[in-house]
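S.K.: For reference, the sequence and a predicted model appear below.
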Amino acid sequence: MPPMSMATSPAGLILRLRDIRKSYNIGTPVETEVLHGITLSLKEAEFVALQGPSGSGKSTLLNIIGLLEPATSGELVVADRPVQSLDDAALTALRGQAIGFVFQFHHLLPAFSALENVLLPSIIARGRVTPEAQALALELLARVGLKGAEYKRPGELSGGMQQRVAIARALSQQPRLILADEPTGNLDTVSANEVFALLREFNQAHGSACLIVTHDQGLAARCDRVIELVDGRVTGGEGGVP
C-alpha cells in the first residue's frame with residue numbers, strides 16, 4: 001500500500017476533531033447523545049492527558065478517535081486523512097498504520113509468547129512475519145526492559161511486565177498517534193511510573209502524539225496539557241484546534 005498523504009490538517013497536526021457528536025439508538029424514543037460537539041487537536045510530539053468522571057464520554061471519544069466506532073456527525077482527521085469518506089477496509093488500514101493502542105487490560109494472547117504478541121500487528125497488516133518486523137519487535141522488547149523474556153508467555157510475567165509487552169506491541173508499527181486508556185490503572189506506583197516513562201520516551205523520540213486517559217493527577221500533571229471532559233463536553237483545558 002502506498003504511503004498515505006493528504007494534507008488536510010495544518011502542518012504538525014496528527015489529530016483533529018471538529019464538532020464531533022455521538023448518539024445511540026438514533027431514531028428511537030430513547031435516542032441519546034453522549035458527545036456534544038467535541039473540538040480538539042493534537043500536534044506532533046504532544047503528550048496530552050484526557051480526564052473526566054466516569055460516564056463523561058472518555059471511552060466513547062477514544063473509540064471514535066481510534067476508528068473503532070463512527071461519530072454521528074462532525075469532522076475527524078487522523079494522520080492527514082479525513083475519515084468520514086473512508087470505507088471499512090481503508091479505516092482498518094489507517095488504524096493499523098497510524099494508531100497504537102494501550103489499554104488498562106493488556107489483552108495479550110495467553111498462548112502466545114511476548115515476542116509473538118508484539119508481532120501480531122505486523123502479521124495482521126502483512127499476513128506474515130518479516131525479518132524487519134522480527135528485528136524491531138526484539139528491539140522494542142529490549143527497550144521496555146524485557147530482554148531475555150521474549151519467549152515467555154503472559155502467564156509467566158508480572159502485571160507490569162505484561163503491560164510493557166502491550167506497549168511494545170502498540171509501538172511495533174511506529175504509529176503517529178498513541179491512544180492509552182488508563183494504561184497504569186492496574187499497576188503499582190513503580191510500574192505505573194515506568195510505563196508512563198516508556199510512553200513518554202517513544203513520544204519524544206519519534207514525534208508521535210499521545211493521548212492518555214488517566215485518573216492519576218500526578219501523571220496528568222507531567223503531561224504537556226490536560227483536556228477535561230464532563231458530560232460529553234470539553235469543559236477544561238484547551239482543545240488546541242487552530
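M.R.: That came in fine, so what should we check first? Numbers count the residues shown, from 1 in each chain.

S.K.: Just the element for Val102, please.
M.R.: Assessed by DSSP states H and E, Val102 sits inside strand 99-103.

S.K.: pLDDT value on the closest residue in space to Ala170 that isn't next to it in sequence, please?
M.R.: Spatial nearest neighbour of Ala170, chain neighbours left out: Gly100 (3.6 Å); criterion: CB to CB, 6 or more residues apart in numbering. Where C-beta positions appear, they are placed from N, C-alpha and C, glycine not excepted. Gly100 is assigned 89 on the pLDDT scale.

S.K.: is it true that Gly100 touches Ala168?
M.R.: No - applying CB atoms under 8 Å as the test, Gly100 and Ala168 come out as separate, 10.0 Å apart.

S.K.: In this protein, what residue spans correspond to helices?
M.R.: If DSSP state H is used as the criterion, the helices of the chain fall at 58-65, 88-98, 114-126, 131-143, 159-171, 189-206, 217-221.

S.K.: Deepest in the core, which of the ones you listed is it.
M.R.: helix 159-171 (a mean of 23; mean count of other CB atoms under 10 Å).

S.K.: That helix vs helix 114-126, what angle?
M.R.: 20 degrees (axes from the mean of the first three to the mean of the last three CA atoms, to 10 degrees).

S.K.: From Lys152, how far off is the residue nearest the centre of the chain?
M.R.: Central residue of the chain (CA atoms, centre = their mean): Leu179, 1.6 Å from the mean position. The spacing between Leu179 and Lys152, counted by CB to CB, to the nearest Å, is 27 Å.

S.K.: do the same with Gly232
M.R.: In terms of CB to CB, Gly232 sits 42 Å off from Lys152.

S.K.: So which of those two has more stuff around it?
M.R.: Gly232 (22 against 15; other CB atoms under 10 Å).

S.K.: So the more buried one sits against Tyr24, correct?
M.R.: No - between Gly232 and Tyr24 there is no contact under CB under 8 Å: 11.7 Å.

S.K.: residues shared between the contacts of those two?
M.R.: Residues touching both Gly232 and Tyr24 by CB atoms under 8 Å, 6 or more residues apart in numbering: Val34.

S.K.: so what's Ala49 up against?
M.R.: The contact partners of Ala49, by CB under 8 Å, 6+ apart, come to Ile212, Val213, Thr214, Leu219, Ala220, Cys223, Arg225, Val226, Ile227.

S.K.: For Asn117, which non-adjacent residue is closest in space?
M.R.: Leu108 (4.9 Å).

S.K.: for Pro154, same thing?
M.R.: Nearest one to Pro154, counting by CB to CB, 6+ apart, is Leu108 at 4.3 Å.

S.K.: Could you measure from the residue of the chain positioned farthest from its centre over to Ser23?
M.R.: Using CA atoms, centre = their mean, the residue of the chain lying farthest from its centre is Pro29. It sits 33.8 Å away. From Pro29 over to Ser23 the distance is 13 Å, taken as CB to CB.
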